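K.L.:
3D model of this:
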Amino acid sequence: MKKCRFSTKLIFVLWIFYALSVAIAQPGGYKHKARQILDATGIKGGLIVHIGCGDGKLTAALRANDSYLVHGLDTDVDKVRQARKYIQSLKSYGKVSVDQFDGKHLPYVDNLVNLAVAENLDATMIKEVMRVLCPNGVVYIKPGNKWSKTVKPRPDEIDEWTHYLYDASGNAVSQDQLVGPPRHFQWTGSPRWARHHDRRASVSAMVSSGDRIFYIIDEGSTTSIMLPSKTALIARDAFNGTVLWKRSIPKWHPHLWPFKSGPAQLQRRLVALGDRVYVTLGLDAPLVALDAATGETIRTYEDTFATEEIILSDGVLFALVKKSPQSYDAFKPQEVGIGAERDRIMREFPWNEKPREIMAIRADTGRILWQKKYRVVPLTPAADDKRVYFHDGEKVVALNRKAGEEAWNSKPVERRAIIPTNITPTLVVYQDVVLFYGATRKLSGISAKTGEILWTGPHPRSGHFCPEDVLVAGGLVWGGEIAGGRDSGEFIGRDPRTGDIKSRFLPDINIFFMHHRCYRSKATDRYLIPGWTGTEYVDFRNKHWVTNHWVRSGCIHGIMPCNGMTYTTPHSCACYMQAKLYGFCALTPEKNNRREAKSKQKAATRIERAPAYTKIISRKSQTENVSDWPTHRHDNARSGFTETLIPADLKQTWKTRLGGRLSAPVLAGGKLLVASIDTHTIHALDADSGKPVWSYTAGGRVDSPPTLYEGRVLFGSADGYVYCLDATDGALAWRFRAAPEDRRITSFEQVESVWPVHGSVLVRDGVVYCIAGRSMFLDGGLRYLRLDAKTGLKIGETIFDERDPATGENLQVHVKVRNMPVGLPDVLSTDGQYLYMRSQRFDFEGNRFDLAPHSGKDAEQGAVQKGKGVHLFSPIGFLDDTWWHRSYWLYGRSFAEGAGGWPQAGRFAPGGRIMVVDGTSVYGFGRKPMYYQWRTPLEYHLFSTSRDPENIREPIGLPIKRKATDEKRKQPRRRMIQHPRHKWSRSVPLLVRAMVLARRTLFIAGPPDIVDEEKAFRHFGDPEIQAQLAGQDAAIAGEKGALLWAVSAEDGKKLAGYELDSLPVFDGMAAANEHLYLVTTDGTVSCFAGAN
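P.N.:
Here you go, the predicted model:
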């Protein structure tokens, strides 16, 4: 009987074990297992790496919500293929992706990964895992039957940046010992550009704590600054940039507030420390505490309506509270000329000198400790462990922090008479001294104990329409004469207690400097970091400057040095446009322990051959069909023109939905190919029916369509490889690692190689030409590669780095005012004699011509458009679809840069948002000639010019009297504008996002254009205008469908028009074999043919 009972129990236990095993094998079981892992490790977002991902089911489950980015690795190529297929079936591929690795080296930069998960991890890999883990990152492994957790400690050498000016002291100096001149990418992220240069900066504030960064940003459209603002507070992981959460801010400062007008005070509305974020989620909103990991509201602080500034010191929040609505609702744009608009704001919206409440609040409980009413000069509140300090408009005041009673009042300390929203005084507390600068070029040292003025001395001017610098670093208070391009650049270091000069030095370099960037300098205890022109690192102990004109941050806030990195925000700066970094960037200095990229590796270690190689290597050359569209924009010149004939009367013949964010299409050999960019996949469709034929998934994004060549599909990927597939079935023939080594970062919210390759490679006479890399100034530069299209073998490799190949000097020696050599990659083009990367011309061996800009004078640089080297290009790249307002495509040779330079090229050569070129003419959609420089409203036209047009001058510029609301004068005198003569010009009711020229018919497509921006600007406050602008924003987002027009190339007249359900992807049309193909933003590919 006992034996029977034991057997019954054993069967029951075995059945339970079997049931649990089956449950774990199901997707729900993997979700449970993933939840257990995440709970055990405490990782609430960021980058997870699953080592030994197998079938990908646990890998997919580890992305429990949108706060995670997951990358799986396996040594078995078949398992990688299986995992990709499974994750794709869940429609989550991209945010979860899988790749092959060698089992020995993890393909990531140092300090990138939040969580590494592995069940069977070789002991020799532990050191490698710890290398890639970020501070406080976790490795969770199962060496036997039990999971174990190891946390990588945060090094003492790195620091946080919890306030706008580092901490509550107002001293914008980090104690980070690892921050240094940038030499490597850690991560980069969206958006690519700030919304507009001439209006309020997009990023209002940014801080960092708890291995996260937090910032307030306007995510509204870059198509037009007239469109509504979309402000949000966003959290990212500090070490890989993964977006953790987002909170909408419904009402913020007016987004048409003019440039160089601040408001500087907005930066004081965000503080983070540990697991809390303190912020006002609205212009007049109360102060709230959020959970730093999730963004959830923990507490709303009582009686804090219309909080203007926050500092946090020893657990106490000191808030400057207005307790009445802000006056900025009265602001309406008036001046089209933004200099006049800025000056108006300085006159009409200065500090009103009315008292505010200073409130002391326990951060953890919300208990109000005390509140006092004082006049408080903006941005002057600061605190230490004993007192709170501020300037009341006449003198510096100190309050005891416990009860708020006055500790002392200083004697009057001079300050600027009128304090506008952009330029405020600066107050810094350092040990037992209060340093006050009233924006009058005088700095005072005041005893923090007694309020006695210890000294007053001259202080050099810095900044540009922003608060000026007072930086205490290395025990000295520093100021630099760096406000303007003609300033000396001398830094002076004083003893903060006596004012005695202890150090002074001039720059030890000879390079062009302009006005300081429109934000304060920052510093660490090792470097002063001004933004005189780019981002300079000044070693004040060794009196040595390092310039980086190719990197800067957005206006108002500037850079943030912490976590061992330099963070920059999206900007809207046109200086050095073809060399300067864009988007959010986290940059690391040179590291002694970093494995350097090896440029002289044996080619055999970089080429991988697959089974299809044998079949494709023996394939005979094929006759090219001239009616095909085999590469991006039809041909290697990227002309967008074909001789195939397509009638204006169209009917849709097929429509195939693939989903995802698709690239433009290419066609050859009876197939249409398109890249699903974010899912890393090439799709092949039958060109006649639209039926899917095959698909292939690479190891990273494919940002543009492949090139079809003699039955081969050739493309680059963001994983750093160039691929060759058999066009018949999509089988891999070979792939070549264009990157010098397999090393990944996170880029625009996915895992990518440090050295990505654009999808659209250039193929000419059996040779593949491509560029791998992100910048000539980082990570060893760009790799220009020539590969045999048949075998994948390397023919040649040239490094384009920060050195002049002829002299070995840094490329920055060629800076001419606001122009410098091209330093960023792009899809390559050629005219058959030269290759082009943006405006850079070079031969097929990689020898660059015209390395230095032609001139430092705006008009002279912009005028160099004729002769050898004329080609179609974009200074921000063919694939940039943002319509950033300071850029445009050009059919010419060079592009002038900087505030006065960027409009110049369009006055001497055809320019537009998108263009096509045939043998005699250029066709484009772009801004009308009067809408280049210093314009907020933009109006566009469809036009045609000669390829070599004459230039004419017309009185079509801004009115001499530039006030937008001045309508009394019907025909004001206008400024003369030069521009290329048009063959024809037409206003069309759509914003053209895609364009193809099929013989003599121009096909254009885009969302409806429903707003007259000139009228909208003049009547911006009108509710009807606001409704129209909201409607235009919805149209650009694809909510109102699109228009497709056929236009005569002879005179621009409309031949036919059609309504589309969805927007075309940018540049997303192709014409081949008498058919028109269109890719739309809903993930659909459509084919049109003649109705008859």
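
K.L.:
dump the residue contacts of the residue lying closest to residue 881 once chain neighbours are set aside.
P.N.:
Nearest residue to residue 881, sequence neighbours excluded (Cβ to Cβ, 6 or more residues apart in numbering): residue 1066, at 3.4 Å. The way it works is simple: take the backbone N, C-alpha and C, and place the C-beta from them, glycine included. Residues counted as contacts of residue 1066 (Cβ atoms under 8 Å, 6 or more residues apart in numbering) are 664, 879, 881, 914, 993, 994.

K.L.:
check residue 652 too.
P.N.:
By Cβ under 8 Å, 6+ apart, the residues touching residue 652 are 1086, 1087, 1088.

K.L.:
now name the helix or strand holding it.
P.N.:
strand 650-657 (DSSP states H and E).

K.L.:
buried ones in that strand?
P.N.:
Across strand 650-657, burial judged by 16 or more other Cβ atoms under 10 Å covers 650, 654, 656.

K.L.:
confirm that the residue nearest to residue 881 sits in a helix.
P.N.:
No: assessed with DSSP: H, G, I helix; E, B strand; the rest coil, residue 1066 is strand; it does not lie in a helix.

K.L.:
returning to what we had before: filter the contacts of residue 1066 down to the buried ones and hand me the PyMOL line.
P.N.:
Buried members of the contacts of residue 1066, defined by 16+ other Cβ under 10 Å, are picked up in PyMOL with:
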select buried, resi 664+879+881+914+993+994
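
K.L.:
return the closest of the contacts of residue 1066 with respect to residue 268.
P.N.:
Nearest to residue 268 among the contacts of residue 1066: residue 881, at 35.2 Å, using Cβ to Cβ.

K.L.:
quick check: that closest one vs residue 1014, distance?
P.N.:
In this view, residue 881 and residue 1014 are 25 Å apart by Cβ to Cβ, to the nearest Å.

K.L.:
what of residue 262?
P.N.:
27 Å.

K.L.:
repeat that for residue 343.
P.N.:
Applying Cβ to Cβ to residue 343 and residue 1014 gives a distance of 22 Å.

K.L.:
can you check residue 435 too?
P.N.:
48 Å.

K.L.:
more neighbours, those two?
P.N.:
Under the neighbour definition other Cβ atoms under 10 Å, residue 435 and residue 1014 were set side by side, and residue 435 has more, 27 against 17.

K.L.:
my read: that one touches residue 478, true?
P.N.:
No: between residue 435 and residue 478 there is no contact under Cβ atoms under 8 Å: 10.8 Å.

K.L.:
overlap of the contact sets of these two?
P.N.:
Taking Cβ under 8 Å, 6+ apart as the criterion, residue 435 and residue 478 both touch residue 472.

K.L.:
buried stuff in the helix or strand hosting residue 588?
P.N.:
Secondary structure assignment for residue 588, by DSSP H and E: strand 584-589. Neighbour counts over strand 584-589 (16+ other Cβ under 10 Å) mark 584, 585, 586, 587, 588, 589 as buried.

K.L.:
of all those residues, which comes closest to residue 841?
P.N.:
Nearest member of the buried residues of strand 584-589 to residue 841, counting by Cβ to Cβ, is residue 585, at 27.7 Å.

K.L.:
partners of the closest one in the sheet?
P.N.:
For residue 585, the beta-bridge partners are residue 188, residue 568 (DSSP bridges).

K.L.:
so who does it touch?
P.N.:
By Cβ under 8 Å, 6+ apart, the neighbours of residue 585 are 185, 187, 188, 551, 567, 568.

K.L.:
rerun that using 10 Å as the cut-off
P.N.:
182, 185-189, 241, 551, 553, 559, 565-570, 774-775, 778 (Cβ atoms under 10 Å, 6 or more residues apart in numbering).

K.L.:
where are the low-confidence patches of the stretch 451-600 of the chain?
P.N.:
Residue ranges of the stretch 451-600 of the chain with pLDDT under 70: 592-600.

K.L.:
all strands for it, in order.
P.N.:
Ranges of strands within the stretch 451-600 of the chain are 453-458, 471-473, 476-480, 491-494, 501-505, 522-524, 528-529, 537-539, 544-546, 560-562, 565-568, 584-589, based on DSSP state E, counting those that start in this stretch.

K.L.:
what is the shortest one packed up against?
P.N.:
In terms of contacts (3 or more Cβ pairs under 10 Å, 6 or more residues apart in numbering; DSSP states H and E), strand 528-529 is packed against strand 173-174, strand 471-473, strand 476-480, strand 522-524, strand 537-539.

K.L.:
restrict the one helix or strand residue 922 maps to to CA atoms and write it as CSV.
P.N.:
Counting by DSSP H and E, the element that carries residue 922 is strand 921-927. In CSV, the C-alpha atoms belonging to strand 921-927 read as follows (Å, rounded to 0.1, in the frame of the first residue of the first chain):
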residue,chain,number,x,y,z
SER,A,921,17.3,70.8,-66.7
VAL,A,922,16.8,70.7,-63.0
TYR,A,923,13.4,70.2,-61.5
GLY,A,924,12.7,70.8,-57.8
PHE,A,925,10.4,71.6,-55.0
GLY,A,926,11.8,74.1,-52.6
ARG,A,927,11.3,77.4,-50.9
